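# the sequence and its predicted three-dimensional model are supplied below.
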Amino acid sequence: MSCLRPWTFVVLAVSLLAPTPAATAAEDPVVPALERTASPLRTAEPGGDVGDLRAIGRAVGGAVVVGMGEATHGSHEFLAVKDRVFRYLVERRGFRTFALETAWSTGARLDDYVVHGEGDPRRIMREDFQYTYVLNNTAENLALVEWMRAYNRRHPKDPVRFMGDDWGYTGPELYDRVTAYAGRVRPDLAPRFEELYRGLRPTVPSGEYQKAYLARPLAERQDMASRTGRALKLVESLGPRAEAGREEFAEVLRHATVIDQTATGYGFDFADPRQVAEAMRWRDGVMADNVVWWHEHTGHRILLAGHNNHIGYEPEDPKILPRTQGAFLRDRLGSRYVSVGLTFGQGSFKATDPEEVHMLTHTVGPPRNGSNEHTLDQVRYDRYVLDLRTAPGAARSWLAVARPTRSVGTAYPEERNWFDLALGRCFDVLIHQDRVRDVDLLS
């Protein structure tokens with residue numbers, strides 16, 4: 001499930017019946033085949049020996065973007081293992097950007113910190129990781145950001161970067177960067193930009209801003225989208241000032257593009273299920289486009305962190321999300337995109353109640369019989385990597401069949417968190433962990 005709260009209230013309940021014990025028994029012989037291809041992981045925690053991560057290095061190969069998912073947004077081990085893998089990919093495979101399923105403007109603020117030491121990451125996370133993105137405000141993400149800053153102190157000429165690929169909130173910094181550039185190269189256009197961006201630049205906390213934006217009448221939201229589109233065309237007309245200004249202009253143009261993405265995204269009619277599906281498809285296409293732009297602009301290899309339902313190739317529920325970010329990235333990058341799904345057997349996670357009012361810690365027991373996780377849990381390792389593309393025949397056949405698979409978004413209505421998925425069609429690689437605990441949310 002997407003983490004973008006404005007759309008979760010329209011998601012239809014999905015009830016999946018557990019297969020019979022006979023069906024489960026018929027699947028048991030696949031476990032030895034899975035064990036033959038599984039590579040155990042020593043730990044989910046960053047630091048220490050990385051020899052066990054070579055299996056991930058082999059699976060990544062020459063990919064320029066590696067998507068790493070999560071079956072819940074709120075489990076410690078999913079964030080920790082992404083941190084651990086990113087450090088390995090930076091130090092051993094030349095990766096230089098960590099991309100998170102969060103707002104582009106938040107990424108810009110955190111990037112200023114990890115590259116230049118500007119700002120306070122705790123404050124940035126507290127201010128920006130609200131409402132839609134509240135489950136990003138974790139001690140685990142802060143530890144990753146601080147590691148990136150420490151790495152850049154040691155490697156100032158070859159820094160790692162931080163980006164957000166989403167548009168659910170665009171902070172005032174982006175408006176300031178666009179209007180400052182326009183004011184410098186075409187001061188006469190300043191009043192025009194002020195009019196086009198009227199009522200859009202946030203003046204309240206991010207959570208309050210998102211809620212207020214959604215509460216606006218549809219016609220008003222669509223007018224705002226029309227104005228940001230005109231502002232984008234106006235920025236395009238400015239062009240770079242000589243060769244030296246080409247990079248600055250490209251970044252300003254992208255900021256204006258993301259401002260338009262935000263307004264366009266909120267301009268869909270969320271009372272119409274068909275519009276909701278189109279909005280979800282559009283969102284994942286936009287996130288993919290932002291990642292590809294970053295790769296082309298920086299030349300960086302990127303670790304992309306998001307939910308399984310975004311980084312994989314097939315959606316949990318095509319009626320809600322017709323096409324995933326991972327599918328768009330595969331269209332654009334081909335085999336240079338690799339998708340890594342993260343699953344778990346049992347444990348705890350943070351998520352809201354079904355009404356999305358209170359943040360709670362939820363605990364689930366062993367996976368249901370007949371589910372993908374039920375079989376994955378029978379592999380003898382507590383934590384392991386599977387390259388699904390090179391699995392032996394028996395395992396490959398099992399991976400091609402859709403079975404109930406657990407997936408938790410921002411909210412946790414229990415009856416909506418099992419989806420029929422074929423792991424081999426959704427992901428290139430899988431990391432399974434038998435137990436997880438809830439993330440450490442920051443205040």
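On my side now, so go ahead. Numbers count the residues shown, from 1 in each chain.

# quick one: Tyr213 is in a helix?
Yes. Assigned with DSSP: H, G, I helix; E, B strand; the rest coil, Tyr213 falls within a helix.

# OK, contacts around it?
Arg221, Tyr266 (Cβ atoms under 8 Å, 6 or more residues apart in numbering). Every residue, glycine included, has its C-beta placed from N, CA and C.

# repeat the analysis, applying 10 Å as the threshold.
For Tyr213, the contact set (Cβ atoms under 10 Å, 6 or more residues apart in numbering) comprises 6, 168-169, 199-200, 202, 220-221, 224, 262-263, 265-266.

# average pLDDT for stretch 342-362?
Per-residue pLDDT over stretch 342-362 has a mean of 93.

# quick check: which element contains the closest residue to Leu430 other than its chain neighbours?
Distance criterion Cβ to Cβ, 6 or more residues apart in numbering; nearest residue to Leu430, sequence neighbours excluded, is Leu386 at 4.5 Å. Taking DSSP states H and E as the definition, Leu386 sits inside strand 383-387.

# I'd say the residue nearest to Leu430 and Trp398 touch.
No. Look at Leu386 against Trp398 with Cβ atoms under 10 Å: they stay out of range, at 11.3 Å.

# who's more crowded, the two?
The neighbour comparison of Leu386 against Trp398 (other Cβ atoms under 10 Å) goes to Leu386, with 28 against 21.

# residues contacting the more buried one?
Leu386 is in contact with 34-35, 37-39, 55, 59, 340-341, 376, 379, 395, 399, 423-424, 427-432, counting by Cβ under 10 Å, 6+ apart.

# can you tell me how far the residue lying closest to Glu173 once chain neighbours are set aside sits from Arg42?
Counting by Cβ to Cβ, 6+ apart, Glu173 lies nearest to Ser105, which is 5.7 Å off, once chain neighbours are set aside. Distance of Ser105 to Arg42, given as Cβ to Cβ, to the nearest Å: 37 Å.

# looking at those two, which one has more neighbours?
More neighbours surround Ser105 than the other of Ser105 and Arg42, with 26 against 14 (other Cβ under 10 Å).

# that one against Arg201, yeah?
No. If you go by Cβ under 10 Å, Ser105 and Arg201 don't touch, sitting 11.1 Å apart.

# name the residues contacting each of the two.
Thr170, Gly171, Pro172, Glu173, Leu174, Tyr175, Ile259.

# next helix or strand past the strand holding Leu386?
Downstream of strand 383-387 (by DSSP H and E), the next one is helix 393-399.

# packing partners of whatever helix or strand comes next after that next one?
Going down the chain from helix 393-399, the next helix or strand is strand 403-406, by DSSP H and E. Secondary-structure packing of strand 403-406 (3 or more Cβ pairs under 10 Å, 6 or more residues apart in numbering; DSSP states H and E): strand 337-352, helix 372-376, strand 418-421, helix 423-426.

# between the ones you listed, which one is closest to Glu278.
Ranking the helices and strands packed on strand 403-406 by their distance to Glu278 (criterion: Cβ to Cβ) puts strand 418-421 first, at 20.5 Å.

# buried residues, that closest one. List them.
Trp418, Phe419, Leu421 (16 or more other Cβ atoms under 10 Å).

# closest to Phe328 among those?
Leu421 (18.3 Å).

# what bridges to the closest one?
On the basis of DSSP bridges, Leu421 is bridged to Arg403.

# so the strand holding Leu386 versus strand 337-352, what angle?
140 degrees (axes from the mean of the first three to the mean of the last three Cα atoms, to 10 degrees).

# who does strand 383-387 pair up with?
Applying DSSP bridges, one finds strand 383-387 paired with strand 39-40 (antiparallel), strand 429-436 (antiparallel).

# mean confidence score for the first one?
So that's strand 39-40. 98.

# these two touch, right, Asp223 and Tyr266?
No. Using Cβ under 10 Å, Asp223 makes no contact with Tyr266, being 11.3 Å away.

# what sits in contact with each of the two?
With Cβ under 10 Å, 6+ apart, Asp223 and Tyr266 have common neighbours Arg216.

# neighbour-wise, which of those two wins?
When neighbours are counted by other Cβ under 10 Å, Asp223 and Tyr266 differ, and Tyr266 comes out ahead with 22 against 14.
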